[in-house]
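**Student:** quick one, structure for this:
(2 chains)
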Amino acid sequence: MNAQRLETSRLMQRFGFGPRPGEYAQALKDGVAATRAKVLTVPAVDAGAATVLVPEITNIGKRPAANSAEIVPYAISLRYQNQQLVLWWLDRMAMSDHGLTEKMTWFWHGHWATSVGKVNFALPMFIQNKTLRTHALGNFKDMSRAMINDSALQFWLDGQDSTLKSPNENLGRELMELFVLGVDRYTEDDVKGAARALTGYQVVNYEGSLTFNPKRHDPNPISILGTTRPFNGEELSDFLVAREDCATFIAERLWYRFISSTESMPASFGAKKAFATRDISSAVKAMVQDPAVGDSKNDLVKSPVEWFIAACRALELTPSNLKTPTQLINYLNQLNQVPFSPPNVGGWPAGEAWLSSAAVQYRIAFATWLIKQSSLRGLLEIPVANRAMKSADWLGVAEWSPRTQGALRNSMSDPAQFALLALCSPEFIVSA
Amino acid sequence: MDTVTRRKFLKLTTGAVAVGAAAPLLSMNDIAQAAISRPLPANTPILVIVTLYGGNDGLNTVVPYTDPLYYSLRPELAYKQEVVLPLNAELALNPAMKGLKSLWDQNKVAIVRGVGYPNPDRSHFSSMAKWQTASPAKNINSGWIGRWIDTQPEEPMLAISLGSVLPPVFAGNKRSGSALPLGGLVIPKGDLAAQCLKLSRPVAKDSKLMAAAATSMRNLFSVSTNVQPVLKSPAPMPPDLPTTNGGNAGGDSNLAQQLDVVAKLIAAGSPTKVWSVSLGGFDTHANEANAQASLLGTVSDSLSRFMGQLKATTRSNDVTIMVYSEFGRRVLGNGSDGTDHGTAGPMFMVGNAVKGGFYGEQPSLKNLYKGDLAVTTDFRDVYATVIEKVLNSPVEPTLGKWTGRVNFFN
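**Tutor:** Okay, the predicted model is just below:
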């Protein structure tokens, strides 16, 4: 496979959400170095993202009594706001001129995986999403502190029930296992210690507000990972983030989501060293420049949201304009990935988990529905004579296999079927 | 807010929650009429794996209702003696498990006590991975059923998981089981089908993931032509509705729906030897009592309904159900009326071929291991028994040289 085509494809698919018509061909002309630099240079203002209107996500107050007159309009606003939130974020992914910030926000959402299913209200999820975006390429120490103070995360992991008298281990365990250090890099006693350090937070869920109540906090010295002293939540966060294991863990997570979910991370992976200062953008820069990006064995499966957004960009569709948004969310739900609704605190799966035969049929139905709503300009502008080959550029695919070329050539007279096969081909589902 | 009509309400509410509500996708008229072409031979044993995700609290499932320590260790969470369903002088079932109790009374339920693995891991993900890969000491990428699939002749319907994401237990090194969503499958037709089949051909240069993507397309066609007609038929009706069991009165949970599909396909002779269904929500860190009782009620009602449905088929003696969760929960409550992650828990084996009763030692509440129940049976003892007695296969290719067994079959 052509090395430049492969690396350019990966840079655009993985560190953004894929090319719009013409962008991949242009990037090939610019060269890999220029594409890499472009991927890493976040513009001060993103004109595309700025076109997406910020939804009105408000405090809808406490839930009215079950059989009261207020409950129906209340339930409607609740669902409406939750839907608006999902559409807003999908629009940002699809419309951004520069993909890295949204892609990193998406990565962090899967990392600090919090579900509206339990949190219930759009407002705290919206606040958390803004926090993740603010710190997406910032310093991880600040991000981790901000997440300790995030009402949605605290509510999701029962932090509001954790008190001096009876600490709850849920948040403390996941903070170490899934957010900062990684599994097996602490003991069960450390989990109990972390739970004590995190006592005292209280949440008003529908407001998205969090307060710290010193009376509910354990002020005594606590032993965590060999250090004994009083800890509060932020001190615990700083303490964990400063550990060497944090750099290893975040580098591993970046590797898993951006480079390969099947190969293990080599010691030489640049992101780990670059994360010494806990600066996320340095780690991402080192990752983008790492030779692993060009290594053909590091393929990845596009998750359903990534596949959908890449399709929207190629088809020039805006998610919130699709008819209807409810139908859109149903399709994503069938593929098991709706933003703000990860299946559990470990986030979404990766790799082969997305490749079931059940997913195939939903993807075909979903793509058929999208194609009907697109002008297919990017495809139709390619002269018929070399459409089968050149359509790889339209989608940012490095190379069509002979099998896919064959299927595409057999569909020359039917552009909708041509587009459908291209979007459902192994080469587009997998980022080669 | 202005007055809202019912119509507007429905319009706004059918969104994020309804799975499979999208009519165009599930047009049953599109589904081809085809018969099962290669039915499972009569009397072939069938395994149904039920995974309880989140860590089920074993102590409040199989309750040591006469042990004073149970009451002194978890005063706020303990079930009172008068509400539990006694199985013997020491142990009782959770009050919500009336359906399972009735199967127990018919000698069809084996309860394996204190099941786990060495050095318990309290992470959901690691612990579930250990159970599903059957490799507690070393992280590997294949599941134990997946490795068994590797040893069998290729058959896309050999192992089927309900739902659209494949659980790791079904991932083999060479092949994997198939996933079947509850709504059924919609297969492309005509020229599109021909071209999709083209896309599904393996090519020499395919990476493992690319090959898996192509295979998933191929499986869509093979699974769908065989499964579709059966999904259209009604679920078998239990011939004898137990009068004590409220669960038959409806109130479908998702687990019941999954098992309905399994029952239909078993009845139709699907060449499937392993089924996987699941229920989530057992991570009861807070307000456990109601949540767990409701989930256990779902498990118990769904299983007894399923066993009833099988009676209407010719295969009721062939099916064995295995129920497990990734860990039990801490003995002491955590003060949020819940429990944190623990270690050992009971496993249930249900079926006509099962020799009802207790197996394995009940973990002592007196001699806790760091506040947790000690593991008394390794889950691989159970798996090895299942591989030999249900899957009729040698243990070694799947579990390596593993000698432990649990003698719960007639």
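**Student:** now the strands: where do they sit in the stretch 301-410 of chain B?
**Tutor:** Counting by DSSP state E, counting those that start in this stretch, the stretch 301-410 of chain B has strands at residues B:319-325, B:345-350, B:357-359, B:377-378.
**Student:** what's the last one in contact with?
**Tutor:** Translated: strand B:377-378. Contacting residues not belonging to strand B:377-378 are listed as B:Val112, B:Arg113, B:Gly114, B:Val115, B:Gly116, B:Tyr117, B:Pro118, B:Tyr359, B:Gly360, B:Glu361, B:Gly404, B:Val406 [CB atoms under 8 Å, 6 or more residues apart in numbering or on different chains]. In this view, the C-beta of every residue, glycine as well, is placed from N, C-alpha and C.
**Student:** one more time with 10 Å, if that's ok
**Tutor:** B:112-118, B:134, B:136, B:344, B:346-347, B:359-361, B:363, B:384, B:402, B:404, B:406 (CB atoms under 10 Å, 6 or more residues apart in numbering or on different chains).
**Student:** state the distance from the residue nearest to A:His217 when sequence neighbours are not counted to A:Phe155.
**Tutor:** In this structure, A:His217 finds its nearest non-sequential neighbour in A:Gly200, 3.0 Å apart by CB to CB, 6 or more residues apart in numbering or on different chains. To A:Phe155, A:Gly200 is 15 Å away according to CB to CB, to the nearest Å.
**Student:** and for B:Pro64?
**Tutor:** B:Pro64 is 34 Å from A:Phe155, by CB to CB.
**Student:** outline the domain layout of chain A.
**Tutor:** Domain assignment for chain A by automatic domain parsing gives A:3-41+A:300-431, A:47-241.
**Student:** save these as JSON lines, and put in mean pLDDT too.
**Tutor:** Shown next, in JSON lines, are the domains of chain A (pLDDT from 0 to 100):
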{"stretch": "domain A:3-41+A:300-431", "mean pLDDT": "95"}
{"stretch": "domain A:47-241", "mean pLDDT": "95"}
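**Student:** check the gap between the residue in chain B that chain A sits nearest to and A:Leu328 for me.
**Tutor:** Residue nearest to chain A within chain B: B:Gly335 (1.8 Å; CB to the nearest CB). According to CB to CB, B:Gly335 stands 42 Å off from A:Leu328.
**Student:** so which of these two has more stuff around it?
**Tutor:** A:Leu328 (25 against 16; other CB atoms under 10 Å in any protein chain shown).
**Student:** gap between that one and A:Val360?
**Tutor:** In terms of CB to CB, A:Leu328 sits 19 Å off from A:Val360.
**Student:** one step back: between B:Pro64 and A:Phe155, who's got more neighbours?
**Tutor:** A:Phe155 (24 against 19).
**Student:** need the contact list for that one.
**Tutor:** A:114, A:118-121, A:124, A:161, A:171, A:201, A:203-205, A:208, A:210.
**Student:** one more time with 8 Å
**Tutor:** Residues near A:Phe155 by CB under 8 Å, 6+ apart: A:Lys118, A:Val119, A:Pro124, A:Val203, A:Asn205.
**Student:** determine which two of these are furthest apart.
**Tutor:** A:Lys118 and A:Val203 (12.0 Å; CB to CB).
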